[in-house]
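**Student:** this is a predicted model, with the sequence first.
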Amino acid sequence: MNQLKDCLNQAQFDAVTTIEGPVLVIAGAGSGKTRVIEYRVLHLVQSNIPPSSVLLLTFTRRAARQMLSRAARHDPRCSSVEGGTFHSFAYRTLKKYARAIGFADSFSVLDEGDAEEAIHRCSNMLGFFEREKRFPRKDTLRNIISVSVNKNASVSEVLQKEYPHFLEYGADIEVLRKKYAEYKIERNYLDYDDLLLYMRLLLEDERVRSRLAEKYQYIMVDEFQDTNGLQGDLTYLLAEKHRNVMVVGDDAQSIYGFRGASFENIMKFPEHFPGCKVVKLEENYRSTQSILDVANSVISNMKHKYSKCLLAARKKKGGTPKLLFFKDAYEEAEWIAEKIKTLRDEGITLGHQGVLFRSSYISIPLQAELGKRNIPYQLFGGLKFYETAHVKDVMAHLKILVNPHDELAWNRVFMLIDGVGPKTCDRLLKRTLTCSHLEDILTKVLGNAPHRKRQESQGFARLKDALRAAQNAKMSTGERYALIFDYYKPILKDRFDNWHLRINDLETLEQISMRYGSIEDLLTDFAIEPPERGVWRVDPSEPDEERPLTLSTVHSAKGLEWECVFVIGLMDGVLPVSFALRDPEDTEEEQRLFYVAITRAKNELFLSLHHQGTRGGIRQFNKISRFVDVPNVLSNLDRSSVTGFKAEQIAEPEAPETIVPIYDKESLLKKLEQFLR
DNA sequence: CCGCGGAGTGTTTTT
DNA sequence: CACTCCGCGG
C-alpha cells in the first residue's frame, strides 16, 4: 500500500484502491490513466483476488497487453489476467456457448470484405442488383447495416442521416438485412457486429449471466468514451450482479462516433450504477504547459462543455508549438523529413518521434521522402494487410483447410482458377456443399471438374494436390502455409503486375504463420485482432532507441505519446474532413480528433499544412483548418520561425514560361525517332 | 461462359 | 486516380 502511495497522486490512488463497487474515472489526456489500470490490476492481484477472475477490456489488443505486461513486472501473476477487446472477449465466450444460441462452436468470423461478399450474394439472391440500376453498392450496404446495428437505429434512420439519396430503398435494405442475418446463421458465420450482438443475446439469459458474473468478479473497461451502445450493454450486464466495475474514459477524446460510439455511455454510467464513485484525473504528466495551452484553447472552442481542463504537472513551460505553411504536399514532406533527421542528430531518436494525420493518403509524400533518406518508419492505420487481395487469397485456402464448408472461401479459391467465372463457380459450390469431408470435395468436385480448356484442368489438378498435401495436420502451420503459398505463387504472378511487392507481404506472413500452433489460431487472430502493417517488422522487445519513426492516423495514435509530434495536413476539408461539415456533431468529433493529436506530444509539437493540392485531378487552393484559424489557438502558436512557405507567396499560380518554340509536333516526332533507333 | 477494356464514380477513421 | 461495374468479343 505504501509503495502505491509513493508512485500515485491522490486521485490515482483512490481509483486504484477502490476495488469494490462501481467507479467512474474521468481521465484527461496524459493524466496517467494507463498507470492507474496497471496498478489497479496489480493491487487486485496482490489483494489475493485470483487473476482469472479479473477482466480487462480495452480498445486494442496492444493496449491490453501493454498494461498487463507492465503490471506483471511487479507481480508475474498479473499476466494471467484476462484482457482484450470487446470483440475478442465475445469471440472467446461465444466459442464456449455457441450451441446455446444455435451456432456450431466451429463458427467462423467474417471480416469486412467477407461480409461485403456475403451481402452481395444475398442481394443477388433477392434480385436487387438486377432490378434496380442505382441500388447501393455492397460496401455501402454493409455500412448501412452495420451502423444500424451499432447505433441501434432502424435502416431508415441511418439512411436519413448518412445516405438520404438512398431513402427510397429503405424497405429493400430492411429485407436484405434480414436475409443477410439468415444467411450467416445457416452457414455458421458471424461478422464483427454479430460478435457483440450475440454476446448480448447470450448475456440476456439469466443463467449465463450469473455464470459469467461468477467467473469475472472484477471488470475494468478502458476508453469507455469510445464504446457504443452494444458494448455499454455488455458492460452493464456483466457487472449487474456484483457491481465491481471500473470504467475509464475522457469525453473530450471520443473519436469513434462513426462506429456508433458515444460519450453518452460515460455520462450515463452513474445512472446505471447509482452511488458510483467518480474520480477525476486532471493533472497532466505528459506535455509541457505550452502544448497544453494549445490543447486547452482547442477545447474551449467547442460547443460541448467537457468535464475538465488540463494542468501541467511539469514545471518547465517548454517551447511554443510551431505552425508551418508550405506550398504543396511535397515541400511539406521534404521539410518534415529533414527536420526529423535533424532532431535525431540532436538526440531525439526516431522511436521518440511521431507524425500524425487525419487520413492515411496524407502521408504518402512523406513516406517517399523518408524512403529517399533511408529513415525507417512504421505505419499505423490505413489499408490493412488482411484487406489486400493477395493476402485474402492465401487466407481463403487456409480457411478451407479448417472449414471445408466455408462457401465464401471456396468461392474465392475457385475464382482464382483460369477459366472459372461466376457460373462455373456457382455450380462447383453447389456440389462442394453437399460433400461431407474435404477429401470428398477433392475427389468428387475437383477430381472431375468440368473443364473445357487445358489450363482449366491443370488449375484444378494443382489445387487438388496443394490442398491434399496441406491437409496433413501433422505438419507445422508454417509448412502447411508454405504449400499453399507455393500453389498460389504462379497465380499471383499472373494476376498482379506488382507481384514482387506483394510477394514480400506473403513471405512476411509465412514468418508469422510459423509462430502459430494451428491454422485455426492464425485465422482467428487475423479475423479478430488483425495485425497492422507496421507492427510486423517491429520487435516489441527492442529498446526505444532502436525503434523506427511512427507514422499514424490520429485514430490509431490513441493512447500513445512521443517526445516530438508532427501533425501534418491541417487543411480545411482534411481535418475537419469535408463530409463531416454537414453535421455540427460530426464537425465537433473532428475537433476532438485534433485535440487527441495535439495531446500526444510531450515536448515538441509541430503543426503543418500545405496550400496547393489536387483533388480529383483538379488543382485547388487549400485553406488552413478552421480549428487552427481561431485567434485563441493562433496566439498559442509560433508562426515567426516559418521555415516553410508563407501564404502570401503563393498568390498567383505560376504561368508556363513563354519562350521561343524549339520543336513543333512533327519535328518532335522525328527527333524522337532518332532516339528510338 | 470467360476475360478484357472502357466508362463512370466517389474519395475517412477501425473492431 | 483507383477501383468497380458493364458491355462486347472471342
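**Tutor:** That came in fine, so what should we check first?

**Student:** what helix or strand is A:Arg626 located in?
**Tutor:** Counting by DSSP states H and E, no helix or strand carries A:Arg626.

**Student:** now do the contacts for the residue nearest to A:Ile598 when sequence neighbours are not counted.
**Tutor:** Using Cβ to Cβ, 6 or more residues apart in numbering and skipping residues adjacent in sequence, the residue nearest A:Ile598 is A:Ala295, 4.8 Å away. For every residue, glycine as well, the C-beta is placed using N, CA and C. The contact partners of A:Ala295, taken as Cβ atoms under 8 Å, 6 or more residues apart in numbering, are A:29, A:287, A:310, A:595, A:598-599.

**Student:** touching, A:Asp105 and A:Arg99? I think so.
**Tutor:** Yes - at 6.1 Å, A:Asp105 counts as touching A:Arg99 under the criterion of Cβ atoms under 8 Å.

**Student:** remind me which residues of the stretch 1-150 of chain A are low pLDDT?
**Tutor:** Residue ranges of the stretch 1-150 of chain A with pLDDT under 70: A:1-2, A:129-133.

**Student:** quick one: the helices in it?
**Tutor:** A:2-7, A:10-17, A:33-46, A:61-74, A:86-97, A:112-126, A:128-131, A:138-150 (DSSP state H, counting those that start in this stretch).

**Student:** any part of the fourth one near DNA strand B?
**Tutor:** No - using Cβ under 7 Å from any atom of the strand, helix A:61-74 stays clear of DNA strand B, with a minimum separation of 7.7 Å.

**Student:** hey, C-alpha coordinates of that helix in CSV?
**Tutor:** C-alpha atoms of helix A:61-74 as CSV (Å, rounded to 0.1, in the frame of the first residue of the first chain):
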residue,chain,number,x,y,z
ARG,A,61,-5.1,-5.9,-28.0
ARG,A,62,-1.9,-3.8,-28.0
ALA,A,63,-3.3,-1.7,-25.1
ALA,A,64,-4.3,-4.7,-23.0
ARG,A,65,-1.1,-6.5,-23.5
GLN,A,66,1.0,-3.4,-22.7
MET,A,67,-0.9,-2.8,-19.4
LEU,A,68,-0.9,-6.4,-18.3
SER,A,69,2.8,-6.9,-19.0
ARG,A,70,3.7,-3.8,-17.1
ALA,A,71,1.7,-5.0,-14.1
ALA,A,72,3.4,-8.4,-14.5
ARG,A,73,6.8,-6.8,-14.0
HIS,A,74,5.8,-6.2,-10.4
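
**Student:** which other helices and strands contact that helix?
**Tutor:** helix A:33-46, strand A:54-58, strand A:82-85 (3 or more Cβ pairs under 8 Å, 6 or more residues apart in numbering; DSSP states H and E).

**Student:** hmm, back to that, for the helices of the stretch 1-150 of chain A, which one ends up most surrounded?
**Tutor:** helix A:33-46 (a mean of 23; mean count of other Cβ atoms under 10 Å).

**Student:** quick one: that one to chain centroid distance?
**Tutor:** Computed by Cα atoms, centre = their mean, to the nearest Å, the separation of helix A:33-46 from the middle of its chain amounts to 26 Å.

**Student:** that one - contacts with which helices or strands?
**Tutor:** So helix A:33-46, by 3+ Cβ pairs under 8 Å, 6+ apart, packs with helix A:2-7, helix A:10-17, strand A:23-27, strand A:54-58, helix A:61-74, strand A:218-221, strand A:245-249.

**Student:** what parts of chain A come near DNA strand B?
**Tutor:** A:59-60, A:85-88, A:112, A:140, A:192, A:256, A:258-259, A:358-361, A:380-382, A:418-425, A:528-530, A:553, A:555-556, A:577, A:579-580, A:615-616.

**Student:** quick one, which of these are buried?
**Tutor:** Using 16 or more other Cβ atoms under 10 Å as the burial test, those include A:59-60, A:85-88, A:112, A:140, A:192, A:256, A:358, A:360, A:380-382, A:419-420, A:424-425, A:528-529, A:553, A:555-556, A:577, A:580 as buried.

**Student:** and the residue lying closest to A:Asn403 once chain neighbours are set aside, how many neighbours?
**Tutor:** The shortest distance from A:Asn403 to any residue other than its chain neighbours is 5.8 Å, reached at A:Ser108 (Cβ to Cβ, 6+ apart). Burial of A:Ser108 is recorded as 21 neighbouring residues (other Cβ atoms under 10 Å).

**Student:** just the helices in the stretch 501-650 of chain A please.
**Tutor:** Under DSSP H, counting those that start in this stretch, the stretch 501-650 of chain A gives helices at A:519-528, A:533-536, A:584-598, A:631-634.

**Student:** weakest of those by average pLDDT?
**Tutor:** Lowest mean pLDDT within those: helix A:533-536, a mean of 49.

**Student:** just checking: what are the partner strands of the longest strand along chain A?
**Tutor:** Scanning chain A for the longest strand, with DSSP state E as the assignment, gives strand A:601-615. Partners of strand A:601-615 in the sheet, by DSSP bridges, are strand A:322-328 (parallel), strand A:562-567 (parallel), strand A:618-621 (antiparallel).

**Student:** so where's the stretch 451-600 of chain A uncertain?
**Tutor:** Checking the stretch 451-600 of chain A against pLDDT under 70 turns up A:451-456, A:531-545.

**Student:** strands of that one, start to end?
**Tutor:** Assigned by DSSP state E, counting those that start in this stretch, the strands in the stretch 451-600 of chain A fall at A:549-553, A:562-567.

**Student:** got the contact list for the longest one?
**Tutor:** Meaning strand A:562-567. A:336, A:339-340, A:343, A:348, A:352-357, A:550, A:554, A:594, A:597-598, A:600-608.

**Student:** off-centre distance for it?
**Tutor:** The answer for strand A:562-567 is 21 Å, by Cα atoms, centre = their mean.

**Student:** compute the inter-axis angle for it and strand A:549-553.
**Tutor:** Angular relation of strand A:562-567 and strand A:549-553 on a 0 to 180 degree scale: 50 degrees, by axes from the mean of the first three to the mean of the last three Cα atoms, to 10 degrees.

**Student:** restricting to C-alpha, output strand A:562-567 in PDB.
**Tutor:** Only the C-alpha atoms of strand A:562-567 are listed here, as PDB (Å, rounded to 0.1, in the frame of the first residue of the first chain):
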ATOM      1  CA  TRP A 562       6.100  10.900 -28.300                       C
ATOM      2  CA  GLU A 563       8.700  13.400 -27.300                       C
ATOM      3  CA  CYS A 564       8.100  15.200 -30.600                       C
ATOM      4  CA  VAL A 565       4.900  15.100 -32.600                       C
ATOM      5  CA  PHE A 566       4.200  16.500 -36.100                       C
ATOM      6  CA  VAL A 567       0.600  16.900 -37.100                       C
END
